[in-house]
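Novice: Got a predicted structure plus its sequence, pasted below:
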Amino acid sequence: MEFNSLYVFIIACLAINLIPGPDVIYIVSNTMKGKVIDGFKAAAGLGFGYAFHTAAACLGLSAIILSSAVLFNLIKILGAVYLCYLGVKALISMYQGKSSINLETKNERESNVLLQGFIVSVLNPKVALFFLSFLPQFINPNSETATQNLLIYGLIFSGLATFCNIIYALAGSWVFGRQSSKRYTRVLEGVSGVILIGLAGKIAIDGK
């Protein structure tokens, strides 16, 4: 595992996970319905879900690495295309300025928030697709430690995602209760879009 690759990976993870999406809405909504501890439970449940997706992605991608490096590289290319698509989508959303965070706070306080968070994450096909698209970009299938690196990167991503979610559990209601929340969302969308497109471009250049 190269330090430069890990550095880029961490920056990309933080930029992606700080974008307010469905997970963030779920966490902040639970915080506002009950207490901050409910937001923590929601973040922890989602974190366990990320770990599940990490294990699933590692098992599937490891099997592919063992069977065919060519097939793994094909998945890597398709993943880069998907990341580019997400980047362009984020930039378009930023340009149009139509992003909005609608928090549901009218319902009663939920029970079993931890379990619900885990289920929400595990049953979200977009999370699985993202893991399969994102993790391979930092893996050399010819490396003897490819499988271990997949697991390490996946756990790092899960940890950083959970860290960002905990921050939102603490400060999300304050952030999204302000009039400047829309501008905040647009800035994060722009930064993430540039990073995702840049990552896809780097992959295209390295592949030549």
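Specialist: Yep, it's here.
Novice: And the helices in this structure?
Specialist: For the chain, the helices defined by DSSP state H occupy 3-17, 22-33, 36-67, 69-96, 113-122, 125-134, 146-176, 181-206.
Novice: hang on, Leu188 packs against Pro20?
Specialist: Yes. Proximity of Leu188 to Pro20 meets the contact threshold set by C-beta atoms under 8 Å, at 7.1 Å. Quick note: C-beta positions are derived from backbone N, CA and C, even for glycine.
Novice: Could you measure from Leu114 over to Ser121?
Specialist: 11 Å (C-beta to C-beta, to the nearest Å).
Novice: Settle it for me: which of the two has more neighbours?
Specialist: Applying other C-beta atoms under 10 Å to Leu114 and Ser121 shows that Ser121 carries more neighbours, namely 23 against 17.
Novice: picking that back up, could you name every residue contacting both of Leu114 and Ser121?
Specialist: Counting by C-beta atoms under 8 Å, 6 or more residues apart in numbering, the residues touching both Leu114 and Ser121 are 45, 48.
Novice: for the helices of the chain, which one ends up most surrounded?
Specialist: Neighbour counts (mean count of other C-beta atoms under 10 Å) averaged over each of these peak at helix 22-33, with a mean of 23.
Novice: Check which helices and strands that helix is in contact with.
Specialist: Applying 3 or more C-beta pairs under 8 Å, 6 or more residues apart in numbering; DSSP states H and E, we find helix 22-33 packed against helix 36-67, helix 113-122, helix 146-176.
Novice: any chance of those helices in TSV, with distance to Tyr95 too?
Specialist: Formatted as TSV, these follow (distance: least, C-beta to C-beta, whole Å):
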stretch	distance to Tyr95
helix 36-67	29
helix 113-122	29
helix 146-176	21
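Novice: got any ranges where the protein has weak pLDDT?
Specialist: Scanning the chain for pLDDT under 70 picks out 1-4, 34, 66, 97-111, 172-182, 184, 203-204, 206-208.
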